[in-house]
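Q: Sequence first, then the predicted structure:
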Amino acid sequence: MSGIHAPSAPILCSFSNPDELVDSLAQFIVKAQKEAVQKKGRFTVAISGGSLPQQLSGLIGRPGVKWDKWQVYYADERIVPLDHADSNHRLCEEHLWSKVPIPKENIHTIDSQLIEAASAEPAEDAEDALEEIADAYEQELIHEFANKDSARFPIFDLILLGVGPDGHIGSLFPGHALLSEDDRWVAYITDSPKPPPRRFTLTFPVINHAARVAFVASGAGKADTLHTVLDKPEVGLPASRVRPSAPGQVYWFVDDAAAAKVEYPRTQLKL
Ligand SMILES: O=C1O[C@H](COP(=O)(O)O)[C@@H](O)[C@H](O)[C@H]1O
């Protein structure tokens, strides 16, 4: 690997006040959006579910957000109907999309009919239907990125990720074979250790080609995880493997409770 592509070290920003975290994250996102829109006229974002969507409330009603320029994809999604309590889309809808003027067609979900087909299959026959979902989502990405950024992998302007207590990101779980996927843009799993078991996820090559990846984590329940991820990357938890090639950069927006055991140096971002 030539020096110019070597990944940069993560930037850790820790906040004592939850409102400050939410506000700084929103400022950071708007700055990334401005740069992207100025350069290319659009802002491509991938977003995960879990506790992340509620941390994006600083975007609601915020001046400078050009919602019509956003093209949103899911970093991972559970294979359940889009209005199901387990759906990452539903979470985002509840916490963000329903509260901001983003055009519905700019939010890229999986086709409901494909979800229905995949959900109806018994476990032993589900693989084909899940493959179809992963292929269809990959095609959407190809449509969005191909011939525009002309790269082997899409270059998202921003990927927003949470991290599970086991160090998983998207639906990339510790020890899972998908951690070594180096070709596909989107992959499926049938055996997620966290329910529901059927999911699709962006793969590491996609995540590690992003212009920026921002992790968001809060609460004491994430303290041990963050310590391992940031202080002991050699353990190889999925979150430690997020190291976009330069000029890509990974950021951590966390609260002091989540960072309580982390020795890794903090940075004060100039936004
Ligand atoms: O299952 C999932 O979990 C992760 C982490 O969720 P959190 O609630 O611990 O923040 C989430 O990022 C991912 O999108 C989701 O499918």
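A: Happy to help now that I have it.
Q: C-alpha from now on. contacts and neighbour counts both.
A: Will do.
Q: Give me the pLDDT for Met1.
A: With respect to pLDDT, Met1 scores 41.
Q: whoops, I mixed them up, Glu138
A: Per-residue pLDDT puts Glu138 at 96.
Q: Which strand or helix spans it?
A: helix 126-145 (DSSP states H and E).
Q: Now the helix or strand hosting Phe215 - C-alpha only, PDB.
A: Assigning secondary structure by DSSP H and E places Phe215 in strand 212-217. Taking C-alpha atoms only, strand 212-217 is exported to PDB below (Å, rounded to 0.1, in the frame of the first residue of the first chain):
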ATOM      1  CA  ARG A 212     -15.600  10.300   6.500                       C
ATOM      2  CA  VAL A 213     -17.000   7.800   9.000                       C
ATOM      3  CA  ALA A 214     -18.400   9.200  12.200                       C
ATOM      4  CA  PHE A 215     -19.100   6.800  15.100                       C
ATOM      5  CA  VAL A 216     -21.600   7.900  17.700                       C
ATOM      6  CA  ALA A 217     -21.700   6.200  21.100                       C
END
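Q: for it, packing partners?
A: With contacts defined as 3 or more Cα pairs under 8 Å, 6 or more residues apart in numbering; DSSP states H and E, the secondary structure elements packing on strand 212-217 are strand 158-161, strand 249-255.
Q: closest to Pro122 out of these?
A: Taking Cα to Cα as the criterion, Pro122 comes closest to strand 158-161 out of the helices and strands packed on strand 212-217, the separation being 30.5 Å.
Q: near the ligand at all, the closest one?
A: Yes: using Cα under 6 Å from any ligand atom, we find that strand 158-161 touches the ligand at Leu161.
Q: any idea how far the helix or strand following that strand is from the chain center?
A: Secondary structure here is assigned by DSSP H and E; on that basis, the next helix or strand after strand 158-161 toward the C-terminus is strand 186-189. Between the mean C-alpha point of strand 186-189 and the mean C-alpha point of its chain there is a distance of 14 Å (Cα atoms, centre = their mean, to the nearest Å).
Q: ok, now stretch 36-44?
A: Average the C-alpha atoms of stretch 36-44, do the same for its chain, and the two points are 19 Å apart (Cα atoms, centre = their mean).
Q: Touching, Ala6 and Ala246? I think so.
A: Yes: in this structure, Ala6 is within contact of Ala246 by Cα atoms under 8 Å, at 5.7 Å.
Q: Could you check the pLDDT of the closest residue to Leu179 other than its chain neighbours?
A: Residue nearest to Leu179 in three dimensions, not counting chain neighbours: Leu172, with 6.4 Å by Cα to Cα, 6 or more residues apart in numbering. The confidence metric pLDDT takes the value 98 at Leu172.
Q: where does the chain dip in pLDDT?
A: Counting by pLDDT under 70, the chain has low-confidence residues at 1-4, 147-151.
Q: Would you mind listing what in it touches the ligand?
A: Of all the residues in the chain, those lying near the ligand are 48-52, 76-77, 161-164, 169-171, going by Cα under 6 Å from any ligand atom.
Q: Which of the residues you listed are buried, as a PyMOL select command?
A: Here is the PyMOL command that selects only those of the residues of the chain next to the ligand that count as buried (16 or more other Cα atoms under 10 Å):
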select buried, resi 48+49+50+51+52+76+77+161+162+163+164+169+170+171
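Q: which ones are touching the closest residue to Lys99 other than its chain neighbours?
A: For Lys99, ignoring the flanking residues on the chain, the nearest one in space by Cα to Cα, 6+ apart is Ile60 at 6.6 Å. Contacts for Ile60 were tallied using Cα atoms under 8 Å, 6 or more residues apart in numbering; they are 96, 99-100.
Q: hmm, 10 Å instead?
A: 26, 95-101 (Cα atoms under 10 Å, 6 or more residues apart in numbering).
Q: cool, Val262 as well?
A: By Cα under 10 Å, 6+ apart, Val262 lies in contact with 12, 223-232, 256.
Q: Looking at these, state which has the most neighbours.
A: Within the contacts of Val262, Leu226 tops the neighbour count with 30 neighbours, counted by other Cα atoms under 10 Å.
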